[in-house]
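In: dropping the sequence and predicted coords here.
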Amino acid sequence: MRSCFVLLLCWLAFKAEAGCSADTKGNTDYPTSRITLQKRTLQEFYYYRADHYAIVVEPATLVRKLEERIRPRAKGASSPAQRLLKDIRDGLPAGNSKDLFVLLLKDALYLVDMELLLADILESGQATVIDAWELPNYGERFVPATQLTRIKRGAYRSREFCTPDGNLLLRVTDAIE
């Protein structure tokens, strides 16, 4: 009995952390917006796995958005974002797909820049999100939109992207001032 209670508490703690700040109707204490996503199949693309979803991005969009993130930064020493850009350019997929997680295995410092980059791309609506649990149902596998919630708690600012049914897709910390 005690072990069942412990398992229940662990499951509840996981569900509380893994969920979205807003409910499925969009009710939240923070500003939200709905972003329509692309629904298309690409010949060559990068993808990032987030739970049972894949965030799919065209290589040109990935490079352009990363260049935009790097531009305002100071020149000089090689930052993780600059190294990430070089690795993406060196390994552009030719007629196929490429998992962005492979780059994280090469350099774990890429994680923050990569998640912020993906958040920027999702926010601009320039990504396709595929639900792997819906793959047998081809028409239903594309997630039509994401709900963006901007969270600000004191000095903490973040963005949270959720699917229409309330599943957390991506959460990034933008600043801790």
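Out: Now that the structure is in, tell me what you want to look at.
In: what helices and strands are in contact with the strand or helix carrying residue 158?
Out: Counting by DSSP states H and E, the element that carries residue 158 is strand 156-162. Secondary-structure packing of strand 156-162 (3 or more C-beta pairs under 8 Å, 6 or more residues apart in numbering; DSSP states H and E): helix 110-123, strand 145-153, strand 168-176. For the C-beta atoms, the positions are set from N, CA and C on the backbone; glycine is no exception.
In: show me how far that strand is from its chain's centre.
Out: Averaging C-alpha positions (C-alpha atoms, centre = their mean, to the nearest Å) puts strand 156-162 11 Å from its chain's average.
In: again with stretch 158-171
Out: Chain-centre distance of stretch 158-171: 9 Å, with C-alpha atoms, centre = their mean.
In: just stretch 47-58 next, same as before
Out: When distances are taken as C-alpha atoms, centre = their mean, stretch 47-58 is centred 7 Å away from the chain's centroid.
In: ok, the strand holding residue 158: who's next to it in the sheet?
Out: Paired with strand 156-162 in the same sheet, following DSSP bridges, are strand 145-153 (antiparallel), strand 168-176 (antiparallel).
In: tilt between it and helix 110-123?
Out: 60 degrees (axes from the mean of the first three to the mean of the last three C-alpha atoms, to 10 degrees).
In: can I get strand 156-162 as PDB, trimmed to CA atoms?
Out: Extracted in PDB, the C-alpha atoms of strand 156-162 (Å, rounded to 0.1, in the frame of the first residue of the first chain):
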ATOM      1  CA  TYR A 156      12.300  35.200 -14.200                       C
ATOM      2  CA  ARG A 157      11.000  35.300 -17.800                       C
ATOM      3  CA  SER A 158      10.200  32.300 -19.900                       C
ATOM      4  CA  ARG A 159       8.100  31.000 -22.900                       C
ATOM      5  CA  GLU A 160       6.100  27.900 -22.900                       C
ATOM      6  CA  PHE A 161       4.700  26.200 -26.000                       C
ATOM      7  CA  CYS A 162       1.800  23.800 -25.700                       C
END
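In: ok, the closest residue to residue 70 other than its chain neighbours to residue 115 distance?
Out: Excluding the flanking residues, the one nearest residue 70 by C-beta to C-beta, 6 or more residues apart in numbering is residue 81, at 5.2 Å. In this view, residue 81 and residue 115 are 12 Å apart by C-beta to C-beta, to the nearest Å.
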